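In: I'll drop the sequence and a predicted model, then ask my questions.
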Amino acid sequence: MIGVIIAGLALGVVSGCSASEDKPTGMFDPCKEISDRTIRSAGFDPDTKKVVQTLTNYSVKCEISPLSGYGSLYLEHPSALAPIRTYDAYLASAQRVANSPGGHAPTVTKINGRDAYVGPKSMLGCEVNLRTATGVMTVEATNADENTCASAQNIAAILEPSIGSR
């Protein structure tokens, strides 16, 4: 009887390990975890992907060039070093900036059913911020076209499934 219990526990541990290997855990890294195929389907060249240094190292950020045309795609997500900050805190911060002189209010929306907000739009591009379990993933399209925010939302919709439950 004890042997059967030990064998059952061993099988449970082994199957638990294999299940967790199939599903990533921890912080989401858009630079590594969004497939080349998905990046290409969004109109960008995965071979141009490069990690961009941030001022604080509190986030993982990468830049990707388009397959044709000009502009860039920036993907950013908090790193394990970042202080814990919720989607709601990021949104509140964006709304505070909107109240400053020359600020623009973010537009709250959903991308594939995931909470998101669009903006701010700048002279260079537009950001779409998607809720994740550990903050937001920012999708920033620069110089995409005259409808930069609409383009950024379309790109975010293509990339969003890559986040999964994280």
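Out: Yep, that arrived.

In: how close does residue 159 get to residue 81?
Out: In this view, residue 159 and residue 81 are 23 Å apart by Cβ to Cβ, to the nearest Å. Bear in mind the C-beta positions are built from the backbone N, C-alpha and C, glycine included.

In: who has more neighbours, those two?
Out: With neighbours defined as other Cβ atoms under 10 Å, residue 159 and residue 81 compare such that residue 159 has more, 25 against 11.

In: can you list the buried residues in the helix or strand where that one lies?
Out: Assigned by DSSP states H and E, residue 159 belongs to helix 148-159. Judged by neighbour count (16 or more other Cβ atoms under 10 Å), helix 148-159 contains these buried residues: 148-149, 151-159.

In: quick one: least confident of these?
Out: Lowest pLDDT among the buried residues of helix 148-159: residue 148, with 85.

In: low-scoring pLDDT stretches of the chain, where are they?
Out: For the chain, residues meeting the criterion pLDDT under 70 lie at 1-26, 102-103, 120, 144-146.

In: which of the three states applies to the spatially most central residue of the chain?
Out: Note on the chain: the residue nearest the mean C-alpha position is residue 137, at 2.9 Å, using Cα atoms, centre = their mean. Three-state assignment for residue 137 (DSSP: H, G, I helix; E, B strand; the rest coil): strand.

In: look up how far residue 41 lies from it.
Out: Taking Cβ to Cβ, one finds residue 137 at 17 Å from residue 41.

In: equivalent analysis for residue 78, please.
Out: In terms of Cβ to Cβ, residue 78 sits 25 Å off from residue 41.
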